[in-house]
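In: just a sequence and a predicted model for now, questions to come.
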Amino acid sequence: MMGAGLFLSVIFSGDVMASVAANQVFAPWNDPKETPLIEFRGVTKRFGDFTAIDDLSINIYEKEFFALLGPSGCGKTTMMRMLAGFETPTEGEIILAGQDIAPVPPNKRAVNMMFQSYALFPHLSIEDNIAFGLKREGMPKNDIADRVAEMLRLTRLEKFARRKPHQISGGQKQRVALARSLAKAPKLLLLDEPLGALDKKLRQDTQFELMDIQEKTGTTFVIVTHDQEEAMTVASRVAVMDHGKLMQVATPDRLYENPENVYVADFIGDVNLIEGTARKTGEGSYEINWCERTPPLKSTSDTVLSSGQGCTIAIRPEKVSISSEKPEEADNAVQGKIIDIAYLGNLSTYHVKLANGQMVKAQTANTRRISRRSFTWDDDVWLSWTATAGVLLKG
Amino acid sequence: MKRFSWFNATSLTLGFAFLYLPMIILVVYSFNASKLVTVWAGFSTKWYGELLQNEAFLDAAWVTIRVAVFSSTIATILGTMAAYILVRGGRFMGRTLFSGMIYAPLVMPEVITGLSLLLLFIGIGLDRGVFTIVLAHATFSMCYVSVVVSSRLVSFDKSLEEAALDLGCTAWQAFRLVTLPIIAPAVISGWLLAFTLSLDDLVIASFTSGPSSTTLPIKIFSAVRLGVSPEINALSTIMIGIVTIGVVSFSIMSKRNAVRREREERAAIHAT
């Protein structure tokens, strides 16, 4: 399972990196002149003694597809419910399009939500479900019919307009829920684990469909998910949360390649973490003592560390090479024994135990179909990586 | 499970005989030609004809139906409101006390309920009549409605109401347009339950009725004290008939709906 997740996350992060490179223009978070659509300013939410959100500040820009990612109980759903108006912050304020929304009740907000359970009204047909919000607005009948038809077309549900929710499948229900929440053309659409109830294959198709619809409608999407692949695939930026605190907000590729802390490095994808103490050897380059009687590891770093400071090197397994002989010109080379091999088809992951007991994972792509595997269990091997392969993190 | 055993057959027969034999005897004797209840003198429907001539019984029947309709409607409105607040109102001061108190009348002896209502009506100087019976019946049957409706509300997905609010409903609109239509079957069963409770109540009605407002159970009870007449048998048979038709058609209807729904859900899954 772990292995499969890893392999997919690598594939997806590759995709996302490519798409980011193609649309380099869309990065309002880097533009100081942009005003954010949503601003959380020092928001804290307590339920009795329990602090769900702890002094959190975040900016979300128009037309963004923003993901709140974290394990269950990290406060991501609470944040979404505060945006929808079902919870009010204990401290701090939430600004939507320049206006503090705390006193605005849910039915008066230009925000719509797609619920995890879809919350389709079982007694109404699909078209009446979609028209529900428009009718409350007092929109003229003809306009409602046009808008409903447009939404049905967008979500490819024309054939099912007159059916009741129990007469359609799970994937179709998901699309009805999306159509209903988009019908009022909200400034902001909230999606609470929108694909959680779908099976894996359908979920992947639907992810791309969601991105497509988001692009077509130009609506700002905020999605809550515990699935990192999903967040990395759909989102322009991802906020990683833990225990009500923001760990990092960044584009998917930066999250993967430049995690700011050990939590993010560990949470996103697969990673090797090696602890040690830093010694500065030059501008942005360090040697890390991690084990007695072995040479220090070389690493470059953007974060400034003082000599003697405790640190962790985070290296992705696909950036670690494996060889039987000691490589000549590697910045870092360590010796160990293969304990486990995970064969995933396109990739193989080797779990190598170093002399001091540290486990390091190395990954190779199986580029040739018929080849004898070079390494097997209990082989002594060398692992090597360059000074720029890892990320140096404090602590 | 289909294996026949003498033990099962016997216990089933005994059980059903225990439940239904008295009623069957009553129905059979309602078609008795003789005026004597215990002597069979051939088949006749004349007691049904005489029943229709009996003004006192017809008046009582009319009172009973009016009382049942009004009291069950009031009980349904109050009971649904109570259930909604207790299930949905969140935690407020004394919530446990209130939810305990709403069930208390279910186990309260009817004599005590009736007596206390009588004292109240005398105390506030309310003349006893149809109105007081309606009030009394609404009071004790609203707890039954509230039990039925709150068991439905507990399993009701709260995000449906949130979705309604999110799409622009006020709290009242969300209740009227989403919650109420969905819990309607429970509300209707609550109403039917309250209706039947009111229809056959003797104890509370006899405490709260006045001289001009005799309900059918009171009428039957007082008539029987002078001796069981075949007319009473005929009347009871009609009542059994009405209740049976109501219950059977209601259960057939809900069974059909359930079957249709299941078929459609299966079709929806296969369609993809």
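Out: Yep, it's here. Numbering: from 1, shown residues only, chains lettered A, B, ... in the order given.

In: just want the residue of the stretch 151-300 of chain A that's nearest chain B.
Out: Of the stretch 151-300 of chain A, the residue with the smallest distance to chain B, taken as CB to the nearest CB, is A:Ser169 at 4.0 Å. The way it works is simple: take the backbone N, C-alpha and C, and place the C-beta from them, glycine included.

In: which SS class is residue 238?
Out: Defaulting to chain A. strand (DSSP: H, G, I helix; E, B strand; the rest coil).

In: please refer instead to chain B.
Out: B:Ile238, by the three-state scheme (three-state DSSP), is helix.

In: next, count neighbours for it.
Out: Taking other CB atoms under 10 Å in any protein chain shown as the criterion, the count of residues near B:Ile238 is 14.

In: mind listing what it touches?
Out: With contact taken as CB atoms under 8 Å, 6 or more residues apart in numbering or on different chains, B:Ile238 is in contact with B:48, B:51.

In: re earlier: isn't the residue of the stretch 151-300 of chain A closest to chain B up against B:Ala268?
Out: Yes: counting by CB atoms under 8 Å, B:Ala268 is a contact partner of A:Ser169 at 5.3 Å.

In: please see if the host helix or strand of A:Ala131 touches chain B.
Out: A:Ala131 belongs to helix A:126-137 when assigned by DSSP states H and E. Yes: contact between helix A:126-137 and chain B is present through A:132-133, A:136-137 (criterion: CB under 8 Å from any CB of the partner chain).

In: what's the first helix or strand after that helix?
Out: Read in the C-terminal direction, the helix or strand following helix A:126-137 is helix A:141-154, with elements assigned using DSSP H and E.

In: picking up where we left off before, only the buried members of the residues of helix A:126-137 next to chain B: can you turn that into a PyMOL selection?
Out: One line in PyMOL is enough to select the buried members of the residues of helix A:126-137 next to chain B, burial here meaning 16 or more other CB atoms under 10 Å in any protein chain shown:
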select buried, chain A and resi 132+133+136
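
In: show me where chain A dips below the pLDDT cut-off.
Out: Low-confidence segments of chain A, defined by pLDDT under 70, span residues A:1-25, A:370-372.

In: where does it come near chain B, residue by residue?
Out: Taking CB under 8 Å from any CB, the part of chain A that reaches chain B is made up of A:84-86, A:105-108, A:111-113, A:115-117, A:119, A:121-123, A:132-133, A:136-137, A:163-164, A:166-169, A:171-172, A:180-181, A:184.

In: which of the residues you listed fall in strands?
Out: In strands, defined here by DSSP state E, the members of these are A:111-113.

In: so which of the residues you listed wins on neighbours?
Out: Ranked by the number of neighbours (other CB under 10 Å), those place A:Met113 first, at 29 neighbours.

In: partner residues bridging that residue?
Out: Under the criterion DSSP bridges, A:Met113 forms beta bridges with A:Leu190.

In: measure it to A:Thr219 for me?
Out: Using CB to CB, to the nearest Å, one obtains 12 Å as the distance from A:Met113 to A:Thr219.

In: residues in contact with the helix holding A:Ala131: which ones?
Out: Residues from elsewhere that reach helix A:126-137, judged by CB under 8 Å, 6+ apart: A:107, A:112, A:120-121, A:124, A:143-144, A:147-148, A:151-152, A:157, A:160-165, A:168, A:176, A:179-180, A:183-184, B:164, B:167-169, B:173, B:177.

In: buried subset of the residues you listed?
Out: A residue is treated as buried here by neighbour count (16+ other CB under 10 Å); on that basis the buried members of these are A:107, A:112, A:120-121, A:124, A:144, A:147-148, A:151-152, A:157, A:160-161, A:163-165, A:168, A:176, A:179-180, A:183-184, B:164, B:167-169, B:177.

In: what about those residues, which are in helices?
Out: Within those, residues falling in helices by DSSP state H are A:144, A:147-148, A:151-152, A:176, A:179-180, B:164.

In: hmm, which two among these are most spread apart?
Out: Greatest spacing in these, by CB to CB: A:Leu152 and B:Ala164 (20.8 Å).

In: host element of the residue sitting nearest the centre point of chain A?
Out: Nearest to the geometric centre of chain A sits A:Ala231, at 3.3 Å (CA atoms, centre = their mean). When elements are defined using DSSP H and E, A:Ala231 is found to belong to helix A:228-234.

In: show me how far that helix is from its chain's centre.
Out: Per CA atoms, centre = their mean, to the nearest Å, the displacement of helix A:228-234 from the mean C-alpha position of its chain is 5 Å.

In: and it, what does it pack against?
Out: Counting contacts by 3 or more CB pairs under 8 Å, 6 or more residues apart in numbering or on different chains; DSSP states H and E, helix A:228-234 is packed against helix A:2-22, strand A:65-69, helix A:200-217, strand A:220-225, helix A:252-257.

In: what do A:Met113 and A:Thr219 both touch?
Out: Looking at what touches both A:Met113 and A:Thr219 (by CB under 8 Å, 6+ apart), the common residues are A:Leu189.

In: what sits against A:Ala27?
Out: Each residue near A:Ala27 by CB under 8 Å, 6+ apart is listed here: A:Thr251.

In: same question for B:Leu192.
Out: Here B:Leu192 is in contact with B:72, B:246, B:250 (CB under 8 Å, 6+ apart).

In: next: A:Gln248.
Out: Contacts here follow CB under 8 Å, 6+ apart; on that basis A:Gln248 touches A:239-240, A:255, A:259-261, A:264.

In: what sits closest to A:Lys280 if chain neighbours are left out?
Out: Setting aside the residues directly before and after it, A:Lys280 is nearest to A:Ser307 in space (CB to CB, 6 or more residues apart in numbering or on different chains), at 5.0 Å.

In: for burial, what's the neighbour tally of residue 67?
Out: Picked chain A for this. Counted with other CB under 10 Å, the neighbours of A:Ala67 add up to 28.

In: my bad, the chain I had in mind was chain B
Out: By the other CB under 10 Å criterion, the neighbourhood of B:Val67 contains 27 residues.

In: was I right about it contacting B:Leu135?
Out: No: at 10.0 Å, B:Val67 does not count as touching B:Leu135 under the criterion of CB under 8 Å.

In: and the gap between B:Met239 and B:Ser251?
Out: B:Met239 sits 19 Å away from B:Ser251 when distances are taken as CB to CB.

In: compare these two (neighbour count), which wins?
Out: Regarding B:Met239 and B:Ser251, a neighbour count based on other CB under 10 Å identifies B:Met239 as having more, with 17 against 10.

In: now do the contacts for that one.
Out: Remark: with contacts taken as CB under 8 Å, 6+ apart, B:Met239 is in contact with B:199, B:216.

In: quick check, nearest of the ones in strands among the residues of chain A next to chain B to chain B?
Out: Distance ranking of those against chain B, using CB to the nearest CB, places A:Met113 first at 5.0 Å.

In: the closest one touches B:Asp166, doesn't it?
Out: Yes: under the criterion of CB under 8 Å, A:Met113 lies in contact with B:Asp166, with a separation of 5.0 Å.

In: right, and B:Asn32 touches B:Lys46 too?
Out: No: contact between B:Asn32 and B:Lys46 fails when scored by CB under 8 Å: they sit 9.6 Å apart.

In: who has more neighbours out of these two?
Out: Between B:Asn32 and B:Lys46, counted using other CB under 10 Å, the more crowded position is B:Asn32 (21 against 14).

In: just to check, B:Leu193 is in contact with B:Ser146?
Out: No: B:Leu193 sits out of contact with B:Ser146 when judged by CB under 8 Å, with a separation of 10.9 Å.
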